[in-house]
Structure formats: structure tokens, C-alpha cells
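Visitor: Take this sequence and fold it.
(one chain, ligands or ions: 1)
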Amino acid sequence: MAFEGLSEKLNGVFKRLKSRGKLSEADVKEAMREVKMALLEADVSYKVVKDFIAKVTERSVGEEVLKSLTPGQQVIKIVNDELIKLMGEANSKINFPNKPPCIIMMCGLQGSGKTTHAAKLAKMFKKEGKRPLLIAADVYRPAAIEQLKVVGERAEVAVFEMGQIDPRKIVKEGIKHAKDYGNDLVIIDTAGRLHIDEELMNELKDIKKIAEPNEIMLVVDAMIGQDAVKVASSFDEALGIDSVILTKLDSDTRGGAALSVLAVTGKPIKFVGMGEKLDEFEAFHPERMASRILGMGDMLTLIEKATQTVDEKDAKKLAEKMQEKGFDLNDLLEQMKQIQKMGSMKSIIRMLPGANKVTDEQVEQGEVQLKKTEAMINSMTRAEREKPAIIDPKRKRRIAAGSGTQVSDVNQLLKQFEQMQKMMKQFGIGGNLHGKKSRRNRAALLKGLGGGMPQ
Ligand SMILES: Nc1nc2c(ncn2[C@@H]2O[C@H](COP(=O)(O)OP(=O)(O)OP(=O)(O)O)[C@@H](O)[C@H]2O)c(=O)[nH]1
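Guide: Down below sits the predicted model:
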């Protein structure tokens with residue numbers, strides 16, 4: 001996951017700062033030297049780091065900071081503020097013209113994720129009620145058209161293609177098609193090259209002239225580090241780009257590109273790609289990204305993901321069922337499936353505060369545990385799931401054999417589930433408690449689950 005190293009190092013520096021009651025100018029300067037090293041190691045461009053450190057130092061050595069009761073906290077707040085400024089204002093809006101269709105032209109180097117992200121964008125806008133059309137103008141790699149058709153199908157979005165002919169003609173015909181068929185959004189997937197060359201740029205310039213796009217989005221792979229900024233600058237000089245989609249931020253990239261793109265090119269990052277799946281796509285929010293970098297989590301994105309993936313009606317049904325009959329293993333399985341819909345465990349955990357203290361190994365162990373739990377519940381009969389108390393040693397052996405686990409795993413699951421049920425009862429769930437307190441608790445819990453409180 002991007003920023004892991006940076007996050008860890010910054011937290012080390014901040015911990016030392018916070019542990020001191022008083023700070024001197026020398027303490028701040030020493031800390032800033034360490035922050036500088038951490039940023040450089042994260043692949044943030046040198047000039048950006050230099051300016052950043054100068055600004056943070058200047059604000060941090062001010063009297064009101066050093067003399068405050070919590071100087072360490074104040075310095076962290078300044079770092080946070082400046083990180084946000086570096087990445088710009090949150091701005092993932094696409095300006096839709098009064099007269100449709102809105103045309104988005106995707107460009108970028110080969111393998112940066114153009115095709116995948118054309119489909120991610122299309123899917124996102126389709127959810128918002130638009131009627132997107134994807135145009136396959138990447139004609140040099142024969143598999144590219146097929147790939148767009150596959151992801152288009154997954155996104156349930158129409159794809160316009162004419163095979164491997166001149167992309168200029170395809171774009172012209174594609175836009176005409178969109179107008180004829182009432183598509184209000186056109187996303188053009190153009191060809192990439194391994195390097196920026198004149199031929200590629202000329203073709204893109206021609207497509208730009210023909211399509212007159214409302215937005216030219218450059219797709220950049222965050223894994224190429226410092227080069228991401230160079231690529232963005234070159235495309236901007238030659239073609240003029242409006243915004244950037246930074247992809248593969250889920251991978252082991254050091255993430256520095258996210259911090260340098262705006263400062264170097266003046267173009268905002270509007271979206272980030274967090275995985276190969278079409279839902280692994282987020283609007284770029286600088287303040288949330290800064291929060292993730294500083295190990296403070298990103299609860300807002302997590303909540304947004306939850307509201308997008310969890311169906312409110314299902315949540316309400318579950319809440320009502322739990323209130324009437326209690327919480328059984330079927331419900332646990334259902335909850336686990338809902339959580340998995342939100343993305344990989346790694347991507348969810350990384351949004352929680354303090355996530356930088358969780359190692360990859362621990363996340364992997366958690367994922368294995370989740371799979372085991374799912375397998376064990378799937379190996380139970382309906383009656384066992386509804387009333388786990390009937391699971392005797394013979395049944396435990398059968399469940400363990402059916403799920404490829406040990407009896408000790410089954411015991412552990414049942415014990416944890418019992419504790420969960422006890423906790424639920426304290427909240428007044430499924431226990432037929434009618435006290436005032438339990439009604440209040442129930443109301444709070446149901447609200448959290450998207451349900452209402454029956455009067
Ligand atoms: N982990 C991860 N992989 C991604 C992401 N976006 C794209 N990929 C993968 O990166 C590879 C290249 O993506 P494509 O969408 O084919 O890239 P492209 O820019 O269209 O490539 P060309 O058509 O060759 O120019 C594919 O294997 C994608 O699944 C992302 O955000 N995270």
C-alpha cells in the first residue's frame with residue numbers, strides 16, 4: 001500500500017515530538033530534517049520537499065507554537081495543513097457542458113491503467129444516472145479493444161469500436177454515434193506507448209482537435225515514482241491536460257507522485273485507482289489523503305464506501321430481524337459478505353486510524369481467518385447456524401472436516417460468536433429487554449445499521 005514507509009517514518013518523528021513537553025527551535029529543525037528525508041525516500045520531488053520543509057519550519061518555530069502547551073501537536077497540525085495545501089483543494093468534479101455529450105479523453109503511457117480507468121469512470125457516472133459510451137481508440141495493441149469490451153461489459157456500459165482502423169475516424173464516428181443514441185458522456189480510450197514519442201503526441205493532438213474534449217485526463221501509474229511527475233509535465237506541455245488519475249496506489253508504491261503532481265504541473269489529481277476491480281476507485285480528497293499519510297485514517301471514505309455497497313433496505317431488514325430474533329451465524333456470514341464487497345481487507349484496514357501499526361502479515365492473517373470463518377459457517381446446517389448451542393463434538397468434527405479446518409478453529413469461532421451475542425444482548429438486541437436504557441441502546445445501534453426505531 002502506498003505511503004506505508006512514509007507514514008511509519010513520520011509517525012516516529014511525531015511520537016518523539018509529542019513526548020516532549022517543550023520544544024526549541026533546534027528540536028523543530030531536527031524533526032524537519034527527518035521529515036525531509038522521509039519525504040525524499042517516498043519519492044516526492046526534491047523541489048517540492050524543499051519548499052514544503054521551508055514552509056512548515058517557518059510556521060513551526062513561531063512563538064505561539066513553541067510556547068503553546070502542546071507544541072508537538074501544533075507541529076503535526078502544521079504538517080497536516082501543508083500536506084493538504086500541497087495536494088490542492090478537493091476537486092473531482094467534471095464540468096458537464098450544457099449541451100451533451102460531455103467528452104473525456106483519456107491518455108497516458110502503455111500499461112498505466114487507461115482502459116481499466118475508462119471503465120471505472122464510466123461505471124461511476126452510470127451509477128450517477130449518466131449514459132456513458134466508451135470509444136475504443138487504442139488500435140495498436142489488438143487485445144486493447146477486446147479488453148475495453150470486457151471491462152465495458154463488466155461496467156454495463158456500451159463500447160463503440162471499429163476494429164484496428166485509423167483512431168481519428170473511430171473517434172469521429174464514435175461521437176456521432178453518441179449523439180445519435182443519446183449518450184450524454186463519451187470516454188475515449190486512446191493508445192499508449194512505452195515512452196512519449198512524437199507519433200503518439202501527434203495522434204493525440206489530432207484526436208483532441210476532432211473530439212474537442214471537455215476534459216483531458218492523464219492516467220499515471222503511481223508505481224513509476226518520480227517519473228510520474230515527468231510524464232505529467234511532458235503530456236501537459238505537448239497536449240495540455242486538465243487533470244490526472246493516479247493509478248495503482250494500492251500497490252507497493254512509495255506514493256510520492258501524489259504529493260508532487262499538483263505542485264510541479266499545476267494540474268489536480270481528481271481520482272485515484274486503488275486496485276484492478278472496477279469499484280476500487282476513489283475521488284481524490286487531499287485532506288483525507290493527508291490523514292491517511294499521517295496515520296489518522298480515512299473514516300469518511302470508509303463510510304462512503306459502506307453507504308455505496310451496503311443496501312439500506314437489507315440493513316434495515318437485518319436490524320429488524322436481529323431485534324426480533326437475535327443475531328445468529330447466518331447474520332454474521334451476511335455481514336462478512338457485505339464487508340468484503342467494500343474491497344480487500346487491506347484497503348479497508350488502511351482507512352482506519354492507527355492502520356500504520358498493522359503489518360501486512362497481520363492483514364494477511366486476518367484475511368485467512370476471514371476465509372476460514374466463512375468456510376466453517378458454510379459447512380454448518382441451517383439449524384446449527386440458527387442455534388449454535390446444538391453443535392456438539394460430533395458436529396464440530398464434521399464442520400471442521402467440511403471446511404478444511406481443525407476442531408479447535410470451530411471452538412474458537414463458537415466462543416467468539418458467544419461473546420458477540422452477549423455484547424448484543426447488552427445492547428438489547430434479541431434479548432427481549434424492554435428497559436428504557438436498552439431501548440435507547442437499540443435505537444443507537446439500529447441507526448448505525450441504517451434502520452429506524454419502531455415506536
Ligand atoms: N493494482 C492495480 N492494478 C491496476 C490498477 N489499474 C490498472 N491496473 C492493472 O494494470 C494493468 C494495465 O492496465 P490497463 O488498463 O490495461 O492499462 P492501459 O493504460 O490501458 O494499457 P495499454 O492499453 O497497453 O496502453 C492491468 O493488468 C490492470 O488490471 C490499479 O489501480 N491497481
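
Visitor: my guess is Phe271 meets Glu282, correct?
Guide: Yes: in this structure, Phe271 is within contact of Glu282 by CB atoms under 8 Å, at 6.7 Å. Where you see a C-beta, it was placed from the backbone N, CA and C, and this is true even at glycine.

Visitor: so Lys149 is in which element?
Guide: helix 142-155 (DSSP states H and E).

Visitor: next one: that helix to chain centre, how far?
Guide: Centroid separation for helix 142-155 versus its chain: 23 Å, with CA atoms, centre = their mean, to the nearest Å.

Visitor: Contact partners for Val139?
Guide: Ile145, Gly163, Gln164, Ile165, Asp166, Pro167, Ile170, Ala191 (CB atoms under 8 Å, 6 or more residues apart in numbering).

Visitor: how deep is the residue in the stretch 251-400 of the chain that the ligand sits nearest to tucked in, by neighbour count?
Guide: At 2.7 Å from the ligand, Gly273 is the closest residue in the stretch 251-400 of the chain, using CB to the nearest ligand atom. Gly273 is flanked by 25 other residues according to other CB atoms under 10 Å.

Visitor: Got the domain ranges for this protein?
Guide: Split into domains by automatic domain parsing, the chain comes to 4-87, 102-304, 310-448.

Visitor: pretty sure Tyr181 is touching Leu133, no?
Guide: Yes: contact status for Tyr181 versus Leu133: in contact at 7.4 Å, counting by CB under 8 Å.

Visitor: ok, and the closest non-adjacent residue to Ile399?
Guide: Ser379 (4.7 Å; CB to CB, 6 or more residues apart in numbering).

Visitor: Which PyMOL command selects the buried ones in the contacts of Val139?
Guide: Buried members of these, defined by 16 or more other CB atoms under 10 Å, are picked up in PyMOL with:
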select buried, resi 145+167+170+191
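
Visitor: and which of the contacts of Val139 is nearest to the ligand?
Guide: Of the contacts of Val139, the one sitting nearest to the ligand (CB to the nearest ligand atom) turns out to be Ala191, at 6.3 Å.

Visitor: how far away is that closest one from Leu148?
Guide: Here Ala191 is placed at a distance of 12 Å from Leu148 (CB to CB, to the nearest Å).

Visitor: dump the residue contacts of the residue of the stretch 251-400 of the chain closest to the ligand.
Guide: Gly113, Thr116, His117, Lys120, Ile245, Leu246, Thr247, Lys248, Leu249, Asp250, Glu280, Phe281 are the contacts of Gly273 under CB under 8 Å, 6+ apart.

Visitor: Just give me the least confident of those.
Guide: Lowest pLDDT among the contacts of Gly273: Asp250, with 84.

Visitor: shouldn't that residue be in contact with Phe281?
Guide: No: judged on CB under 8 Å, Asp250 makes no contact with Phe281 at a distance of 10.7 Å.

Visitor: What is the neighbour count of Asp331?
Guide: 19.

Visitor: what's the closest non-adjacent residue to Leu121?
Guide: Nearest one to Leu121, counting by CB to CB, 6+ apart, is Ile187 at 5.8 Å.

Visitor: which secondary structure elements does the strand or helix carrying Val410 contact?
Guide: Using DSSP H and E, the secondary-structure element containing Val410 is helix 407-426. Using 3 or more CB pairs under 8 Å, 6 or more residues apart in numbering; DSSP states H and E as the contact test, the elements touching helix 407-426 are helix 329-341, helix 360-378, helix 393-403.

Visitor: chain center to that helix: distance?
Guide: Using CA atoms, centre = their mean, the offset of helix 407-426 from its chain centre is 32 Å.

Visitor: Need the contact partners of that helix.
Guide: By CB under 8 Å, 6+ apart, the list of residues contacting helix 407-426 reads 322, 326-327, 329, 332, 372-373, 376-377, 388, 391, 393, 396-397, 399-400, 430-431, 433, 441.

Visitor: mind running it again at 6 Å?
Guide: Identification of contacts with helix 407-426 by CB atoms under 6 Å, 6 or more residues apart in numbering yields Phe327, Thr373, Met376, Pro388, Lys396, Arg397, Ile399, Ala400, Gly431.

Visitor: Please apply the same query to stretch 73-83.
Guide: Phe14, Leu17, Phe52, Lys55, Val56, Arg59, Ser60, Val65, Ser68, Ala290, Leu294.

Visitor: Give the buried residues for it.
Guide: Gln74, Val75, Ile76, Ile78, Val79, Asn80, Glu82, Leu83.

Visitor: I'd like the mean pLDDT over that stretch, please.
Guide: 88.

Visitor: next one: stretch 152-163
Guide: For stretch 152-163, the per-residue pLDDT averages 96.

Visitor: Am I right that Arg288 falls within a helix?
Guide: Yes: judged by DSSP: H, G, I helix; E, B strand; the rest coil, Arg288 forms part of a helix.

Visitor: mind checking pLDDT for Gly430?
Guide: Reported pLDDT for Gly430: 55.

Visitor: re earlier: which other helices and strands contact the helix holding Lys149?
Guide: Here helix 142-155 touches helix 114-127, strand 132-137, strand 158-160, going by 3 or more CB pairs under 6 Å, 6 or more residues apart in numbering; DSSP states H and E.

Visitor: Cool, thanks, talk later.
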